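In: Okay, sequence plus prediction incoming.
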Amino acid sequence: MALSVFHHPSLTLPSPPPQPSPPSLRPSPSNSLQFTLPAPRPLLLLLRSSRPNRRHSSLRAGLSSAVDSPPQTSGSQPEKKLILQVRDLTAVIAESKQEILKGVNLTVYEGEVHAVMGKNGSGKSTFAKVLVGHPDYEVTGGSVVFKGQDLLEMEADERSLAGLFMSFQSPVEIPGVSNINFLRMAYNAKREKLGLPELGVFEFYAYLYPKLELVNMKTDFLDRNVNEGFSGGEKKRNEILQLAVLGAELALLDEIDSGLDVDAFQDVAKAVNGLLTPTNSVLLITHYLRLLQFIKPTCIHIMENGKIVKTGDISLAEALEKDGYEAIAKPH
Ligand SMILES: Nc1ncnc2c1ncn2[C@@H]1O[C@H](COP(=O)(O)OP(=O)(O)OP(=O)(O)O)[C@@H](O)[C@H]1O
């Protein structure tokens, strides 16, 4: 799921590209859907449920030691804006109350790319999903400040409108909603929040078309239902298309490199790099050094058993590739 898009839509709306090809929207019954969908809370659709993820009342004291990014500024350089500050975040699975996050600490400044690595089941995806307010999880302690606001007090769609985007490891299918309708609804919801007029079908297509090129995606995918029948690689491209359209000040990208063929991997990595600006930030979850050689991280964090246990530079991922987790993921 971003505009140079990583910018807030209001700041980055391009002037309509000259003579876009007419949208491949046919005045068919299926297309009429796009005009009749209920008021857009499209990001909630991606979370599968509209159950809000409210902060648990019994907040506990932090459990782990802080592991932040290295110092961000030096000497006369202008101070960077703090985008995300996670302190001692704990969370459980809402249904079973099993604790998954056991005190996560992480600080992200504007323009930074953070990578979170870790063994299967260590809690990486849960961390990202908790940040976007996924209803499967309940926060039990700690704090998250996003651009100066208490993120945990915000509903999932408010988080998205505030500039947080997540591309899911297993993107959800949304039957009955075409990709272009979904994108337009989500984008117009952001514009509405900014007090901007909605974009009509043709205006939106003009805005969308260059982004399709960015991710090297065929227009055929616009008329198909969101992710329905998409291959794994097509879903990943579609996630990055969503990001390109919606923009984000912080994009959480969960294993965008998994299941991609060589060409798709390069397209996706290039597209993410193309969306990076000095003022937006990315948190990448990945298992592979290869992605981090394309999208250069500011820092790499290793998550183990629901905590970040180590933070370093690219050499951490290199050591991991060479020696595996046992060799490097020792709590300090
Ligand atoms: N909704 C859920 N219901 C039951 N168990 C869950 C749920 N969400 C997460 N878990 C469990 O929490 C643990 C952490 O899962 P998570 O998906 O965050 O791991 P991960 O580090 O992203 O793993 P991977 O690298 O395999 O993607 C796992 O043991 C997982 O089975």
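Out: Yes, it's here.

In: What number of residues are in the vicinity of Leu101?
Out: Residues within reach of Leu101, counting by other CB atoms under 10 Å, total 26. Where C-beta positions appear, they are placed from N, C-alpha and C, glycine not excepted.

In: Pretty sure it sits against Ile93.
Out: No: contact between Leu101 and Ile93 fails when scored by CB atoms under 8 Å: they sit 10.2 Å apart.

In: Pick out the residue of the stretch 151-300 of the chain closest to the ligand.
Out: Per CB to the nearest ligand atom, Gln169 is where the stretch 151-300 of the chain lies closest to the ligand, at 6.0 Å.

In: low-scoring stretches of the chain, by residue?
Out: Flagging of the chain using pLDDT under 70 yields the residue ranges 1-78, 329-332.

In: residue ranges for the helices of it, please.
Out: 9-12, 29-36, 42-46, 124-132, 156-161, 179-193, 201-214, 220-223, 232-246, 262-275, 289-294, 314-323, 325-328 (DSSP state H).

In: Can you lay out those as TSV showing distance to Val139 and mean neighbour count?
Out: Below are the helices of the chain laid out as TSV (distance: least, CB to CB, whole Å; neighbours: other CB atoms under 10 Å):
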stretch	distance to Val139	mean neighbour count
helix 9-12	28	16
helix 29-36	35	12
helix 42-46	18	22
helix 124-132	6	24
helix 156-161	13	22
helix 179-193	24	22
helix 201-214	33	19
helix 220-223	35	17
helix 232-246	24	24
helix 262-275	28	18
helix 289-294	28	17
helix 314-323	28	16
helix 325-328	27	12
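
In: With distance to the ligand added, can I get these in JSON lines?
Out: Shown next, in JSON lines, are the helices of the chain (distance: least, CB to the nearest ligand atom, whole Å):
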{"stretch": "helix 9-12", "distance to the ligand": "29"}
{"stretch": "helix 29-36", "distance to the ligand": "30"}
{"stretch": "helix 42-46", "distance to the ligand": "15"}
{"stretch": "helix 124-132", "distance to the ligand": "3"}
{"stretch": "helix 156-161", "distance to the ligand": "15"}
{"stretch": "helix 179-193", "distance to the ligand": "24"}
{"stretch": "helix 201-214", "distance to the ligand": "26"}
{"stretch": "helix 220-223", "distance to the ligand": "25"}
{"stretch": "helix 232-246", "distance to the ligand": "14"}
{"stretch": "helix 262-275", "distance to the ligand": "17"}
{"stretch": "helix 289-294", "distance to the ligand": "14"}
{"stretch": "helix 314-323", "distance to the ligand": "13"}
{"stretch": "helix 325-328", "distance to the ligand": "11"}
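
In: Indicate which one of those is closest to Leu82.
Out: Nearest of the helices of the chain to Leu82, taken as CB to CB: helix 124-132 at 15.1 Å.

In: Which parts of the stretch 51-200 of the chain are strands?
Out: Secondary structure of the stretch 51-200 of the chain (DSSP state E, counting those that start in this stretch): strands at 82-93, 99-109, 113-118, 137-146, 149-150, 164-167, 174-178.

In: Would you mind finding the most buried of the ones you listed?
Out: Highest mean neighbour count among the strands of the stretch 51-200 of the chain (mean count of other CB atoms under 10 Å): strand 164-167, with a mean of 27.

In: ok so, going back, of all the strands of the stretch 51-200 of the chain, which lies closest to Asp323?
Out: With CB to CB as the measure, strand 113-118 is the member of the strands of the stretch 51-200 of the chain nearest Asp323 (13.1 Å).
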